[in-house]
Every structure is written in C-alpha cells, then in structure tokens.
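1. just to be clear, the model below is a prediction. Sequence and coordinates:
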Amino acid sequence: MTATKPATAPSARKKPETAEPPSTPEAQTLPATETTAPPLQRDSFLAHAGRALVMLVAFVAMVGFAAALAKATLVPSPGSADLVHTNLRPGDSLRQYVNQPAFRDTVKQIGGNVLLGAPFGVLLPMLMPKARGAVRVVLVTALVMVAVETVQGMIVEGRAFDVDDVILNTSGALLGYVLIGRHLGRALHPRRHHWWQRRA
C-alpha cells in the first residue's frame, strides 16, 4: 500500500512589485498647494522678490499712465473751443468719427480712445486684486473716465464731456483685461473665489 501525498492548494501567483519613483526632497518638504502654485505665488525668497519687482514695475507704469492720461485729457485746448460740444447720447460722436473724410482721422479718434483705456485692464488686476474680473475692471474704468470727462466739461477749456469717449475707453480696458490683464493677475495673486463658491 502506497502512501498518497495530501493535495495542496495551488499557490497564488505573486504580482510583480512595481518600484515607486523616488520622491525628490522638494516634493517631500513642500505641501501640495505649494508645488502647484504659480512661480510668483510660492513661499520662497525668489518668488517674493520677483513678485515685489513686478508689482513695483506695475506701480511705476500706473503712475506714468496717470500722467499721460492727465496730459491727454486735462490740458486746455483753446483752439478747439468752437468745435467741441457736450455729447450725452451714445453713438453720436461715434458716427462723426466714422463719417470723417480721412480714414486716418477715424482710426486716430476711435483707436486712440480704445488704447487710452487699455492700461486699466492690464494694470488694475496686478495692483488691485479685488478689482480682478471683467465686470469689476469695466466698472472701475467707467467710473474713472466719467470723472475725467466731467472735469473736462466743467473746467478745461476746449474740452467737453462725451459719453462715447467713456464707452471707447471702457472697451479698451475690457480688451486689455481679456488679452493680458487676467493672465498677469492670476500669475501674481491667488485665484479669487466667487461668493457662490464659498461655503456657508
């Protein structure tokens, strides 16, 4: 009589172990939000220095823009006193700009007013984080330009309030924000949370 060996259960196949990629010292020390933050928002000396430098350049640019804006809008023009008039009806001055005989004059009037407002859309998101967003940029620009046009019409000789200039300036600010300002604002400041995204 031969002895029978007890049946053994088939051994489960072992899955090959996959080696985990070695983690770098930076990944071990930095939190997850730090590694995904834009370079200028990270908590390091170089990031803080770079951000301060960019903010300083933006501030100097805003001061220069304010001086240029004052020179372009608040300098008296006695020779134009008989040619300008107050315009409170949107579209009236725009039609005059378009119907000018020389196309160069049309581009100068419309393009100049659009370019005059573009720096607002670029610089406001950088210097005023709470002013980020297309609606806020448009509102701030409109308020500033209404104030400038009001001063023009009241005390500056040869200048007059023109609602179409406010519209063109505000359009330029919106264009500057969409093309450049929103990207610079996101690079410098944390993403703004809207009221509907906040937890109760």
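-> Structure's in. What do you need?

2. neighbours of the residue nearest to A160 when sequence neighbours are not counted, how many?
-> With sequence-adjacent residues excluded and distances taken as CB to CB, 6 or more residues apart in numbering, A160 is closest to V84, at 4.3 Å. In short, each C-beta sits where N, CA and C put it, glycine included. Neighbourhood size, V84 [other CB atoms under 10 Å]: 17.

3. was I right to think L88 contacts V163?
-> Yes. The pair L88 / V163 is scored as a contact, 5.6 Å apart, by CB atoms under 8 Å.

4. quick one: the helices in this protein?
-> 25-29, 32-36, 45-73, 92-98, 103-127, 134-155, 163-176, 182-188 (DSSP state H).

5. may I see the buried residues of stretch 129-137?
-> A131, R132, G133, R136, V137 (16 or more other CB atoms under 10 Å).

6. endpoint to endpoint, it covers what distance?
-> Stretch 129-137 has an end-to-end distance of 11 Å (criterion: CA to CA, to the nearest Å).

7. residue closest to the middle of this protein?
-> G181 (2.3 Å; CA atoms, centre = their mean).

8. can you pull the contacts of that one?
-> If you count contacts by CB atoms under 8 Å, 6 or more residues apart in numbering, G181 has them with G121, V122, L123, L124, P125, M126, V137.

9. let me have the residues you listed in a markdown table, extended by distance to R42 and pLDDT.
-> Putting the contacts of G181 into a markdown table (distance: CB to CB, whole Å; pLDDT from 0 to 100) gives the following:
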| residue | distance to R42 | pLDDT |
| --- | --- | --- |
| G121 | 26 | 95 |
| V122 | 23 | 95 |
| L123 | 23 | 95 |
| L124 | 24 | 94 |
| P125 | 19 | 93 |
| M126 | 18 | 93 |
| V137 | 26 | 95 |
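
10. max pairwise distance over these: which two?
-> The largest separation in the contacts of G181, counting by CB to CB, is between M126 and V137 at 11.4 Å.

11. would you agree M145 is in contact with D164?
-> No. Counting by CB under 8 Å, M145 does not reach D164; the two are 11.1 Å apart.

12. nearest to Q41, of the buried residues of stretch 129-137?
-> Nearest to Q41 among the buried residues of stretch 129-137, with distances taken as CB to CB, is R132, at 14.0 Å.

13. M145 and D164: who's more crowded?
-> More neighbours surround M145 than the other of M145 and D164, with 25 against 21 (other CB under 10 Å).

14. which residues touch the more buried one?
-> G117, D165, V166, N169, T170.

15. could you measure from it over to L69?
-> 9 Å (CB to CB, to the nearest Å).
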